[in-house]
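J.: the sequence and its predicted three-dimensional model are supplied below.
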Amino acid sequence: MLESYLKQIPFSLTTQALCLGLTVGLITYYTFGKKKYKLPPGPWSFPLVGSIFTMTCKIPLYKQAFDWKKTHGPAITVYMGPIRCVVLSDAVTVNEALVKKGSDYAGRFQIYSMEYITSGFKNIIFSDVTPVWKQLRKIALQGLRQYLYGSKLEEKVFDSTSKVMRRLKEEEGKPIDIQKYIGLLVFNILHGVCFNKSFDINNKQFLELLDVFEYTNNEFGNGLLEDILPPLRRFPTAKFKRIMGRFGVFLNFIREEFDAHKANFSEDDTKDFADYLIHARRQAILDDPEIENLITDEHLVYTCSDIFSAGIDTTRTTINWTILLLIAHPEIQTKVQAELDKVLDAGQAPTLNDRERMPYTEAVLHESMRLCPVAPLGLPHATRCDTTIGEYEIPKGTMVMMNHWALHHDPENWKDPEIFRPERLLDADGKLAPKTMSWLPFSAGRRNCLGETIARPEMHLMLAILLRNFTFRCPEGKTIDLTPNGSLSFLPRKSEIIVEGRT
């Protein structure tokens, strides 16, 4: 069989012999040469190609891992080509990894496509745990608290929603692509935070950047061969080239904005997050001159990119899913609006201070995040040392994925997990129930979402303002398609909807 494959290789006899030797050597190494660990069980795999023959593109990996849990347990080992990946699919194992042994599992698996995009992991999200990562994360958290918290968060949300609401009122009664308007709403919040600017709905650059996000999310959502087959990195596929080219448009936008801020920077007038990063780096250099070589302008550019892209993707996708779910369940949309009308006086706009008095609205948002996790497998962790999970041994450098979709759909923790029922997240008094490890859209531990404490009130306020002013429904004779896009992502499909103003 191997000989028949070799005959298809259009190389010399010497090259074919080298290929044969390499293949046999790798199989021997993987079979006999490596230290033996008591790894979690998993689907059948073969050296080099891994579990490819037991996986199907028709079923997303997060669902396959959940199905394998029934036969192999909550911790399974899957091989993506030569890459060993442990997938954790219940609250007990995820809690052990992220909380009890958080340091062991705090690494970030180094994916080639992310290395390419971030010029060697100069950002926060995809960087491993290093002194530079710790410093950048600390600076970013301080900057977010200064420019996107409390009254400043409220101001940004009000400013952005007012522009979008004017546009929605112009389109009242007409079928529209709501994702475009929610994209503008979230985009302008982050644009204001990072660069103190905003776009209009028909701005050419905004539409181009929104298209970049749509395209790269859909394409990344099915994975890239270059991440699991190293030889392709020298001869990348057309898909890889297209994605990198499109994402480069976004990076150029961030870099140009940052360079303009640096050229006009004044210590006496820091207006936004980009100014704060420049200021924080200069102060850090005064305290420790070595920082100048460790944290460069490129690190700050990619930090802005992190805040911008992560904030836009997670927030707009969550709000889009929530609106689609409310259209599919109009009785729940009516209950949210009834709560808003009860809490607020006539003509009064919701504020952050009203959040605690709107637990049902919050529960709707949380139930949307449970049912439709934006990143169903989270971001890939890596073990920083030899460690364990339950009775199993996990080698240093292993990719580890937390199956958020499995946590959110586990019938042992959620009755009728496929049903959209916000009441399940309220306690006996009608208040929002305490968060558990079975609800984990923002992850936990050392690599938890940088902006969770900001994203939750931000999304609540946006949703409250939108539902206070509008009712969303399908055009006559049509229904909402809630089937997600992507095998590694969970993206809503394009849907035309009708927006109606509330009197």
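T.: In hand now; what should we look at?

J.: V193 is in contact with K156, isn't it?
T.: Yes: with contact defined as CB atoms under 8 Å, V193 counts as touching K156 (6.2 Å). For glycine as for every other residue, the C-beta is placed from the backbone atoms N, C-alpha and C.

J.: mind checking which of those two has more residues around it?
T.: Neighbours around V193 and K156, counted as other CB atoms under 10 Å, are more numerous at V193. The numbers are 25 against 21.

J.: show me where the stretch 201-350 of the chain has its strands.
T.: In the stretch 201-350 of the chain, no segments count as strands under DSSP state E, counting those that start in this stretch.

J.: all helices for it, in order.
T.: Listed in chain order, the helices of the stretch 201-350 of the chain (DSSP state H, counting those that start in this stretch) span 204-220, 238-263, 273-287, 291-294, 297-328, 330-343.

J.: try the stretch 351-500 of the chain
T.: Under DSSP H, counting those that start in this stretch, the stretch 351-500 of the chain gives helices at 359-371, 404-408, 452-469.

J.: closest one to G173 among the ones you listed?
T.: Across the helices of the stretch 351-500 of the chain, G173 has its closest neighbour in helix 452-469 (14.7 Å, CB to CB).

J.: which positions in the closest one come out as buried?
T.: The neighbour-count check on helix 452-469 (16 or more other CB atoms under 10 Å) flags 453-469 as buried.

J.: centre of the chain to that helix, how far?
T.: Distance of helix 452-469 from the chain centroid (CA atoms, centre = their mean, to the nearest Å) equals 18 Å.

J.: wait, A328 touches K478, no?
T.: No: with contact defined as CB under 8 Å, A328 and K478 do not form a contacting pair (11.6 Å).

J.: one step back: okay, the helices of the stretch 201-350 of the chain, which one's buried deepest?
T.: Comparing those by mean neighbour count (mean count of other CB atoms under 10 Å), helix 297-328 ranks first with a mean of 23.

J.: sorry, back to before: how about the helices of the stretch 351-500 of the chain in JSON lines, adding mean pLDDT and distance to W321?
T.: Converted to JSON lines, the helices of the stretch 351-500 of the chain look like this (pLDDT from 0 to 100; distance: least, CB to CB, whole Å):
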{"stretch": "helix 359-371", "mean pLDDT": "97", "distance to W321": "5"}
{"stretch": "helix 404-408", "mean pLDDT": "96", "distance to W321": "13"}
{"stretch": "helix 452-469", "mean pLDDT": "94", "distance to W321": "11"}
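
J.: so for F199, which of these sits nearest?
T.: helix 452-469 (16.9 Å).

J.: what does the closest one contact?
T.: Contacts with helix 452-469, where a contact means CB atoms under 8 Å, 6 or more residues apart in numbering, come from 144, 148-149, 153-154, 157-158, 161, 165, 185-186, 189, 311, 314-315, 318-319, 322-323, 326, 333, 336-337, 340, 344, 349-352, 354-355, 358, 361-362, 364-365, 442, 449, 501-502.

J.: tell me the domain boundaries of the protein?
T.: Listed by automatic domain parsing, the domain ranges of the chain are 1-34, 35-501.

J.: spatially nearest residue to I228 (excluding sequence neighbours)?
T.: G81 (3.7 Å; CB to CB, 6 or more residues apart in numbering).

J.: what strand or helix carries I76?
T.: In this assignment (DSSP states H and E), I76 forms part of strand 75-80.

J.: rounded mean pLDDT for that strand, please.
T.: Strand 75-80 shows a mean pLDDT of 92.

J.: who are the packing partners of it?
T.: Contact partners of strand 75-80 among helices and strands, from 3 or more CB pairs under 8 Å, 6 or more residues apart in numbering; DSSP states H and E: helix 61-72, strand 83-88.

J.: how about the ones you listed in CSV, adding mean neighbour count and distance to G248?
T.: Output for the helices and strands packed on strand 75-80, formatted as CSV (neighbours: other CB atoms under 10 Å; distance: least, CB to CB, whole Å):
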stretch, mean neighbour count, distance to G248
helix 61-72, 19, 27
strand 83-88, 23, 26
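
J.: how about those in CSV, adding mean pLDDT and distance to D227?
T.: As requested, the helices and strands packed on strand 75-80 are exported to CSV (pLDDT from 0 to 100; distance: least, CB to CB, whole Å):
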stretch, mean pLDDT, distance to D227
helix 61-72, 92, 13
strand 83-88, 94, 8
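
J.: how close does the residue nearest to P373 when sequence neighbours are not counted get to S438?
T.: Residue nearest to P373 in three dimensions, not counting chain neighbours: H404, with 4.6 Å by CB to CB, 6+ apart. Separation of H404 from S438 (CB to CB, to the nearest Å) stands at 10 Å.

J.: cool, and C449?
T.: Taking CB to CB, one finds C449 at 17 Å from S438.

J.: and for K415?
T.: Counting by CB to CB, the gap from K415 to S438 is 12 Å.

J.: have a look at these two and say which one is more surrounded.
T.: S438 (19 against 9).

J.: how far away is A455 from P350?
T.: 17 Å.

J.: an error on my part: the question was meant for N203.
T.: N203 sits 28 Å away from P350, going by CB to CB.

J.: so between those two, which is more surrounded?
T.: Per other CB under 10 Å, whichever of N203 and P350 has more neighbours is P350, with 25 against 14.

J.: OK, contacts around the more buried one?
T.: Neighbours of P350 in contact, by CB under 8 Å, 6+ apart: L340, V343, L344, M358, L461, A464, I465, R468.

J.: which single one of these is nearest to L377?
T.: Distances from L377 to the contacts of P350, taken by CB to CB, are shortest for L461, at 28.7 Å.

J.: and stretch 125-141, how far out from the chain middle?
T.: On the basis of CA atoms, centre = their mean, stretch 125-141 is displaced by 17 Å from the centre of the chain it belongs to.

J.: what residues sit buried inside that stretch?
T.: Neighbour-count burial for stretch 125-141 [16+ other CB under 10 Å]: I125, F126, S127, V129, V132, W133, Q135, L136, R137, I139, A140.

J.: mind listing which of these are in helices?
T.: V132, W133, Q135, L136, R137, I139, A140 (DSSP state H).

J.: what about the residue nearest to P373, neighbour count?
T.: Neighbour number of H404 under other CB under 10 Å is 25.

J.: quick revisit: so which of the contacts of P350 is the closest to G248?
T.: Nearest to G248 among the contacts of P350, with distances taken as CB to CB, is L461, at 33.3 Å.
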